[in-house]
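Participant: Build me a structure from this.
(chains A and B)
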2 protein chains.
Amino acid sequence: MSESTQQSRWLGFDLGGTKMLAQVYDGDNKALGRARKKTKGTSDAKAGLERIAETIELACEDGEVDPKELSGIGIGCPGPVDMESGTLLDPPNLAWNRVPVRKYLEDRFKCPVAVLNDVDAGVYGEYRYGAARNATCVIGVFPGTGIGGGCIYRGEVLRGGSASCMEIGHIQVMPNGPICGCGHRGCLEAVASRLAIAASAAKAAYRGQAPGLAKAAGTDLGSIRSSALAASIDADDEIVKQIIKEAARQIGIAVAGLVHVLSPDVVVLGGGLVEAMPDLFTEHVAKAARKRVMPVYEDSFKVVPAALGDDAAVLGGAAWVQHVLKQNESQAEEKS
Amino acid sequence: MSESTQQSRWLGFDLGGTKMLAQVYDGDNKALGRARKKTKGTSDAKAGLERIAETIELACEDGEVDPKELSGIGIGCPGPVDMESGTLLDPPNLAWNRVPVRKYLEDRFKCPVAVLNDVDAGVYGEYRYGAARNATCVIGVFPGTGIGGGCIYRGEVLRGGSASCMEIGHIQVMPNGPICGCGHRGCLEAVASRLAIAASAAKAAYRGQAPGLAKAAGTDLGSIRSSALAASIDADDEIVKQIIKEAARQIGIAVAGLVHVLSPDVVVLGGGLVEAMPDLFTEHVAKAARKRVMPVYEDSFKVVPAALGDDAAVLGGAAWVQHVLKQNESQAEEKS
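Facilitator: Numbering: from 1, shown residues only, chains lettered A, B, ... in the order given. Below is the predicted model:
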C-alpha cells in the first residue's frame, strides 16, 4: 500500500429509513470516526440533504479529518436509485422523490460521490470484507421495516435498465395476502419483514400467548424491536418462535425463486432481526429454499448470516466509491 | 466487413426438448443452410451427441459448407448449463445429465464451441437482431412445454455462480398449486406453460365447452399445439380465451417479480404460443405485470413479442460464439 493511498480519506454513508450513519476511513479502510443521526424521513428532501451533509461533517470531526481532505463519498440509500446520475428515485419509506443526492454532495464536498442502494452497499461490504468474500454472485436479503435485497455479481452491483434492482420485498409471495406498504397485496415484506413479525407477535402478546414478549416490550409495535423478539424467544414464547420460523420459511421460498433466477453461490442474511437470532433464521431460510429448488441447484448455494453488522453498508459504501473511481481510471487509460 | 470475416462460417444450434435445429451462417450472419431432426430425448446422451453432430453435418451439406471450414459453433441447450466448461447439467425435459457438449463437439469438429442455455440463445438473438436490439437488460420469457427464461445483461448472458440461471418456469407462483414436472408444487410452468394451457383447454373440450378446439385437435394433449389453440380462439371458444388470459396473467405476475429483481428495460415474449397469438399474450402479460410493480418501475420496461421466430436461438447461438471468441481475443491482447 503506497503512502498516498494510506493517507487518503474515504467516507461511507448509510441512509436508512429511521437513522443515518456516516463513517470516515483511511486508505486501508480503517475506521477513523463516525456519526449517527435520526433520518426524519417526513421532513422535505432539502432538509434531509442538509442533515446528511451535517452527519458527514460530524463523522469527519470525530475522526479529526478535514472534510476537504475527502477523496470520495459512497452513499447507500433506501429504495431504487439511478446509479448513473446518482439520484434517489422513490424510496418507499421516505417522503422523498427524485433527489439528486450525488450532485448535492459533490457540490458541497468537492469530491466524487457514488450513490447506490443501501442493501447493495451492505452486500458489497460483505462481499469485500465479510461473509461473502470472493463469491461470484452474492444475493443479500435484509429483513427490517421492509425487506431489502441486493446483489453483487462478478464484482459489480447488479443493476437493471434504468434503476437499481433487487427490490425483493415487493415480490408477490401470497396471491391474496396482507396489504403491503406499497399498496399491493401479499408482497414478501408484508408477510415476513421484522415489522410483519412484530405485528403478529404483538397480537399473540395481546392475547396473553407471549408473556415473555409482553414483559420485554408490551404490545406497541414501536417497542417490538429485534432485541425484544430475541428476548421473547429466550423466554420460550413458543408462538413467537413459530411466527419467526414461518417468516423465515416465506423468505426461504422467495430465496428459492431467486436461486432459479440468479443462481447465486452465496445468500447473505442481514439486518437487526437476523443479527439477534442468526442460527434460527439462517437454518429455516436455508431449509425452505433448498426444499424448493431444482435438484441441480440444491448444492449450488450456501446461506450465511452477515458478518459485519451495522458496518456493512458504511464500509461497503466507502469501498464502492473507491472501486468506481478505479474503474473510471482504467477506462480512461484504455481510451488514451 | 473484411473479406476474411465474410468468408468465415458459423454454426448456430438449437437443442430443444422435442426437436433440434442447426443453421450455418456466413460472417455477416446470412443463413446458408439448415437441418432439423427430432431430439429423441429418451435415448442416451451418447446417441444424442451423435445425433447433434449429424444434424450439424446435414446443415453444412445443405449450405454447401465443408464442416472443416467452421470457425465456431454456438449451441443453445435446454435447462441449466455450466457455461465455463460447456456442460449440459440436468435438463428437466431430457433424460441426460452432465453431458460434456462442448468437449464432444470440439473434438469432433476441431473448432471452438460455446454452450449456453437455449432461451439465453434466443434472447441473445433478439437482443442482437430482433425485438430487443440495444437494450441494457433484456428478459425473455418463452412458454412452451415448460417456461424458459433468459437474460442478456449489458451485452452478456446473465449467469450465476456455477450454473446458468433464469429458470423462471420453476419459480413458485401458487403455494398449493398443481404439481410440476420438477416434483414441486405451483411452479409457474405448472400453471402457465403451453402444456398447462393445453391440459385446461382439453378439459373444456372434453366437457363440450370448446367446440372449436374439439374440431381442430380433439382432446389429446399431443395434438393441442399452439396452432390448435389459435384455431380455437378464432372459433370463439370463449373459455379457451379465458384460460389463455389467465396463463398470461400468471406470467405477468412472475414478470412483475422479475422487474423488481432485475429492472429490465425490455421483456421479450417468445415461443410458438406467443407467436400464434402475439397481441392477446403481450397485452395481458404487460397489464398484469404493470399493475403489480412499484410506481418507480411502472414505465421502466416494455413488453414485446419476439421478432425472429424459430431463428432466434440458432442465430443467437451463432452470434454468441463469435462474441465469446472476440472477447477471448481482446482479453489475450490485454494480457500481452
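
Participant: secondary structure class for the closest residue to residue A:286 other than its chain neighbours?
Facilitator: Residue nearest to residue A:286 in three dimensions, not counting chain neighbours: residue A:303, with 3.9 Å by CB to CB, 6 or more residues apart in numbering or on different chains. All C-beta atoms are positioned from the backbone trio N, CA, C, and that covers glycine. Assigned by DSSP: H, G, I helix; E, B strand; the rest coil, the conformation of residue A:303 is strand.

Participant: Likewise for residue A:151?
Facilitator: Residue A:151 is classified as strand under three-state DSSP.

Participant: What is the burial count for it?
Facilitator: Close neighbours of residue A:151, defined as other CB atoms under 10 Å in any protein chain shown, add up to 27.

Participant: So in terms of bridging, what pairs with the nearest residue to residue A:111 once chain neighbours are set aside?
Facilitator: Spatial nearest neighbour of residue A:111, chain neighbours left out: residue A:70 (4.7 Å); criterion: CB to CB, 6+ apart. Bridge pairing for residue A:70 (DSSP bridges) gives the partners residue A:9.

Participant: cool, and residue A:20?
Facilitator: residue A:15, residue A:37.

Participant: OK, contacts around residue A:282?
Facilitator: A:269, A:274, A:303, A:304, A:305 (CB atoms under 8 Å, 6 or more residues apart in numbering or on different chains).

Participant: repeat that with 6 Å
Facilitator: Neighbouring residues of residue A:282 by CB atoms under 6 Å, 6 or more residues apart in numbering or on different chains: A:269, A:303, A:305.

Participant: which residue ranges form the helices in chain A?
Facilitator: A:3-6, A:45-62, A:101-109, A:118-129, A:188-192, A:194-206, A:211-217, A:226-234, A:238-262, A:272-276, A:278-292, A:311-335 (DSSP state H).

Participant: tell me the most buried of those?
Facilitator: Of all the helices of chain A, helix A:118-129 has the most neighbours on average by mean count of other CB atoms under 10 Å in any protein chain shown, namely a mean of 29.

Participant: what's that one in contact with?
Facilitator: Under CB under 6 Å, 6+ apart, the answer for helix A:118-129 is A:76-78, A:132, A:138, A:140, A:142, A:148-150, A:152, A:157, A:268, A:270, A:306, A:308, A:312-313, A:315-317, A:319-320.

Participant: Might you enumerate the residues of chain A proximal to chain B?
Facilitator: A:80, A:89-90, A:136-137, A:160-163, A:165-167, A:170-171, A:182, A:184, A:257, A:260-265, A:292, A:294, A:296, A:300 (CB under 6 Å from any CB of the partner chain).

Participant: from the residues you listed, which would you call buried?
Facilitator: A:80, A:89-90, A:136-137, A:160-163, A:165-167, A:170-171, A:182, A:184, A:257, A:260-265, A:292, A:294, A:296, A:300 (16 or more other CB atoms under 10 Å in any protein chain shown).

Participant: Isn't residue A:72 up against residue A:321?
Facilitator: Yes - using CB atoms under 6 Å, residue A:72 is in contact with residue A:321, at 4.0 Å.

Participant: check contacts around the closest residue to chain B within the stretch 51-200 of chain A.
Facilitator: At 2.3 Å from chain B, residue A:160 is the closest residue in the stretch 51-200 of chain A, using CB to the nearest CB. By CB under 6 Å, 6+ apart, the residues touching residue A:160 are B:137, B:262, B:263, B:264.

Participant: near chain A too, which of those?
Facilitator: Answer for the contacts of residue A:160 near chain A (CB under 6 Å from any CB): B:137, B:262, B:263, B:264.

Participant: which residue is nearest the middle of chain A?
Facilitator: The residue lying closest to the centre of chain A (CA atoms, centre = their mean) is residue A:119, at 2.9 Å.

Participant: Report the residue ranges of every domain in chain A.
Facilitator: Domain assignment for chain A by automatic domain parsing gives A:3-123+A:310-335, A:134-305.
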